[in-house]
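Undergrad: Coordinates only, no sequence provided:
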């Protein structure tokens, strides 16, 4: 029976990052997952280390927006009408938290993690030696409609306090930067973020760094977590692994553990799909491109051009579908005429773990000594994994946290 200081449950970007930061602080760590590192939600994102997304994704509150989304014909958000009753309570919470005051609180809470995201990734990339997976050229937000472009430009002064670097580009300048684009009104080139050409591969590189530094990774079932004589233990393929502390970093599956232990956190799932495409006639997509009006992303990946959808509210265990992808693909082929045939026969489906106040839970469990949480990163798991891992490791080892951890405390969801 191996003895460890810490068990980390979940080998996505969040769990692997937490394991690395704990290891760097002298803790022996066992990383446990049913699958291989980076093959869950971390595999299928748009590959952005998104320093420029300083405003969280909020629930629309204007009547006009709600009506448009209610028609269920948009590309950025889709819902299964039969699933809505199951998530209605959470949607109401999300709507309430998305008030101007609630959004302001969430923005200020998330800012330290967002600001630390690029530097924390840079440090791990250098240690892992996986620089070839990272591109330092930002991403393009493009607009097909002049009015939409003008509205986006009008909002830019509100972002000045966040010290973001960007360029506003006219149509000709956008097409000079990205020659594959068809007709556009203009765009914004966000310069601070970095892009990843293989997000799953990045997590695998981080996990290999963890192994090289003496960490152990084993396959096991997080649902078997239990306490025994003051220690935590998990059943794995290599037997029982005990440890003094355990970190729940299971993303959308975190409820397997916290519900069993009596916590009723409002963790919901936003589904997302992707599909890879070839490019015709030797063309090459040079930048990650966000079609702001339609709410999808096209990103150059090692597998091809990845088309990633927006949000789908549907049962997490429902099969993948092409509904949003088909809508987005139709628009994307006009935006990039040289987009070719799909690489895969079936789309990939990922599950984004979301809390209604738009911030994760990072820190100790209120009622269980040695139990720690690190989940609920919504759309920004890849971006925030290393920063939240650092914060958690600092708390667990008694260091002074680089930012105030109070906004991420689990207690905020406990009933008085």
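TA: Thanks, I have the structure now. Just so it is clear, the model here is predicted, and its values are computed rather than measured. Residues are numbered from 1 along each chain as shown.

Undergrad: Helices of the stretch 51-200 of the chain, start to end?
TA: 63-70, 84-97, 100-128, 146-155, 171-177, 199-212 (DSSP state H, counting those that start in this stretch).

Undergrad: Residue 192: which of these is closest?
TA: helix 100-128 (6.9 Å; Cβ to Cβ). Bear in mind the C-beta positions are built from the backbone N, C-alpha and C, glycine included.

Undergrad: and that closest one, what's its mean pLDDT?
TA: Helix 100-128 shows a mean pLDDT of 97.

Undergrad: With stretch 360-368 instead?
TA: Mean predicted confidence for stretch 360-368 is 97.

Undergrad: In it, which residues are buried?
TA: For stretch 360-368, a neighbour-count test (16 or more other Cβ atoms under 10 Å) marks 360-365 as buried.

Undergrad: Distance from the chain centre to that stretch, please.
TA: With Cα atoms, centre = their mean, to the nearest Å as the basis, stretch 360-368 stands 20 Å off its chain's centre.

Undergrad: Residues touching it, excluding its own?
TA: Residues outside stretch 360-368 that contact it (Cβ atoms under 8 Å, 6 or more residues apart in numbering): 227, 258, 261-263, 265, 355, 371-378, 384, 388, 391-392, 395, 405, 408-411, 413-414.

Undergrad: now those residues: which count as buried?
TA: Buried, going by 16+ other Cβ under 10 Å: 258, 263, 265, 355, 371-378, 384, 388, 391-392, 395, 405, 408-410, 413, out of the contacts of stretch 360-368.

Undergrad: so of the residues you listed, which ones are in strands?
TA: 371-375 (DSSP state E).

Undergrad: By residue count, tell me the biggest strand in the protein.
TA: The chain, longest strand under DSSP E: strand 268-279.

Undergrad: Report all helices and strands that it contacts.
TA: On a contact count with 3 or more Cβ pairs under 8 Å, 6 or more residues apart in numbering; DSSP states H and E, strand 268-279 meets helix 84-97, strand 304-308, strand 311-313, helix 323-335, strand 339-342, strand 348-354.

Undergrad: picking up where we left off before, please produce a markdown table containing the helices of the stretch 51-200 of the chain, extended by mean neighbour count.
TA: What follows is the helices of the stretch 51-200 of the chain, written out as a markdown table (neighbours: other Cβ atoms under 10 Å):
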| stretch | mean neighbour count |
| --- | --- |
| helix 63-70 | 11 |
| helix 84-97 | 15 |
| helix 100-128 | 18 |
| helix 146-155 | 13 |
| helix 171-177 | 16 |
| helix 199-212 | 22 |
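
Undergrad: quick one: which of the ones you listed is nearest residue 269?
TA: helix 84-97 (8.4 Å).

Undergrad: re the thing from before, mind listing which of the contacts of stretch 360-368 are in helices?
TA: 258, 384, 388, 391-392, 395 (DSSP state H).

Undergrad: quick one: which of the residues you listed is nearest residue 220?
TA: residue 258 (17.5 Å).

Undergrad: I'd like the distance between the closest one and residue 222.
TA: Distance, residue 258 to residue 222, using Cβ to Cβ, to the nearest Å: 11 Å.

Undergrad: now the chain, which segments are flagged as low pLDDT?
TA: Applying pLDDT under 70 to the chain flags residues 1-2, 416.

Undergrad: again, only using 80
TA: Applying pLDDT under 80 to the chain flags residues 1-3, 415-416.

Undergrad: List the contacts of the most far-flung residue of it relative to its centre.
TA: Most distant from the centre of the chain: residue 229, at 36.1 Å, with distances by Cα atoms, centre = their mean. With contact set as Cβ under 8 Å, 6+ apart, residue 229 has no partners.

Undergrad: give me phi/psi at residue 397?
TA: phi -100, psi 0 (degrees, to the nearest 10).

Undergrad: List the contacts of the nearest residue to it once chain neighbours are set aside.
TA: Once flanking residues are discounted, residue 397 sits nearest to residue 25: 4.7 Å by Cβ to Cβ, 6 or more residues apart in numbering. Contacts for residue 25 (Cβ under 8 Å, 6+ apart) come out as 393, 397, 399.

Undergrad: mind running it again at 10 Å?
TA: Residue 25 sits next to 5, 390, 393-394, 396-399 when contact means Cβ atoms under 10 Å, 6 or more residues apart in numbering.

Undergrad: Apart from its chain neighbours, what residue comes closest to residue 209?
TA: Per Cβ to Cβ, 6+ apart, closest to residue 209 is residue 128, 4.2 Å.

Undergrad: So the one you found versus residue 359, what's the distance?
TA: Taking Cβ to Cβ, one finds residue 128 at 27 Å from residue 359.

Undergrad: what does residue 280 give?
TA: 42 Å.

Undergrad: out of the two, which sits in the more crowded spot?
TA: Neighbours were counted for residue 280 and for residue 359 using other Cβ atoms under 10 Å; residue 359 has more, 22 against 13.

Undergrad: show me what contacts the nearest residue to that one once chain neighbours are set aside?
TA: Once flanking residues are discounted, residue 359 sits nearest to residue 109: 5.0 Å by Cβ to Cβ, 6+ apart. Counting by Cβ under 10 Å, 6+ apart, residue 109 touches 56, 357-360, 403-404, 406-408.

Undergrad: For those, which single residue is the most surrounded?
TA: residue 360 (27 neighbours).

Undergrad: how close does that residue get to residue 128?
TA: 23 Å.

Undergrad: Check residue 162 too.
TA: 28 Å.

Undergrad: And for residue 195?
TA: Counting by Cβ to Cβ - residue 195 and residue 128 are separated by 17 Å.
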